[in-house]
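Undergrad: after the sequence you'll find the predicted model.
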Amino acid sequence: MRRQLRTSIARMEAKGLDEETRSDLAKLVCVRVSGHVERAFRELTSAFAYGRSDPRVAEYVASKVARTSNLGGNELIAVLKTFDQKWATAMEQFFDADPDAKDALDSIVAGRHRIAHGHDHGVSPNTVKAWFVAVDRVVAKLEEIVDPPS
């Protein structure tokens with residue numbers, strides 16, 4: 001997903017695009033970055049459950065996390081807490097150390113809502129690119145928490 005998002009950002013930044021097209025691409029990237037977090041959460045937690053649980057339990061967990069959406073910073077911490085308090089604490093500490101990452105995550109989710117409901121989105125190409133960079137740090141931390149390197 002990271003590679004696809006980087007490709008979308010490169011298209012958004014291509015020379016010769018008119019501002020309306022660039023703005024439309026920024027909206028698309030905003031929605032996809034929000035999906036990047038949700039997808040990473042779902043894949044990581046489902047893999048965790050399948051690797052450590054009875055298949056029936058893992059199926060239940062996977063079905064529950066499949067409906068997880070709108071993962072702003074506080075929501076991500078809350079859902080991590082349902083798995084393991086240590087995971088939630090690690091994400092809280094990460095956000096304390098990198099408040100820009102939490103702000104970007106919250107902004108991406110809010111932007112996605114505004115776009116989906118037809119409101120003025122206020123998402124510029126430069127802003128959405130900066131949000132992606134910061135939100136990708138959140139995803140990297142999530143990977144480290146849920147599936148730490150051996």
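TA: Yep, that arrived. What you are looking at is a predicted structure, and each value in this text was computed from that prediction instead of being measured.

Undergrad: and whichever strand or helix holds residue 126, what does it pack against?
TA: Element membership of residue 126, judged by DSSP states H and E, is helix 125-146. Secondary-structure packing of helix 125-146 (3 or more C-beta pairs under 8 Å, 6 or more residues apart in numbering; DSSP states H and E): helix 2-12, helix 19-52, helix 73-83, helix 85-97, helix 99-116. To be clear about C-beta, it is placed using only N, CA and C from the backbone, and glycine gets the same treatment.

Undergrad: apart from its chain neighbours, what residue comes closest to residue 112?
TA: residue 34 (4.2 Å; C-beta to C-beta, 6 or more residues apart in numbering).

Undergrad: doesn't residue 110 make contact with that neighbour?
TA: No - contact between residue 34 and residue 110 fails when scored by C-beta atoms under 8 Å: they sit 9.5 Å apart.

Undergrad: more crowded one of these two?
TA: Using other C-beta atoms under 10 Å as the criterion, residue 34 and residue 110 rank with residue 34 on top: 26 against 17.

Undergrad: residues touching the more buried one, list them.
TA: Contacts for residue 34 (C-beta atoms under 8 Å, 6 or more residues apart in numbering) come out as 71, 108, 109, 111, 112.

Undergrad: how about the first one, phi and psi?
TA: Here the main-chain torsion angles of residue 71 (degrees, to the nearest 10) amount to phi -80, psi 80.

Undergrad: what's the distance between the closest residue to it other than its chain neighbours and residue 105?
TA: Once flanking residues are discounted, residue 71 sits nearest to residue 37: 5.2 Å by C-beta to C-beta, 6+ apart. Separation of residue 37 from residue 105 (C-beta to C-beta, to the nearest Å): 7 Å.

Undergrad: what of residue 8?
TA: Residue 8 sits at a distance of 18 Å from residue 105 (criterion: C-beta to C-beta).
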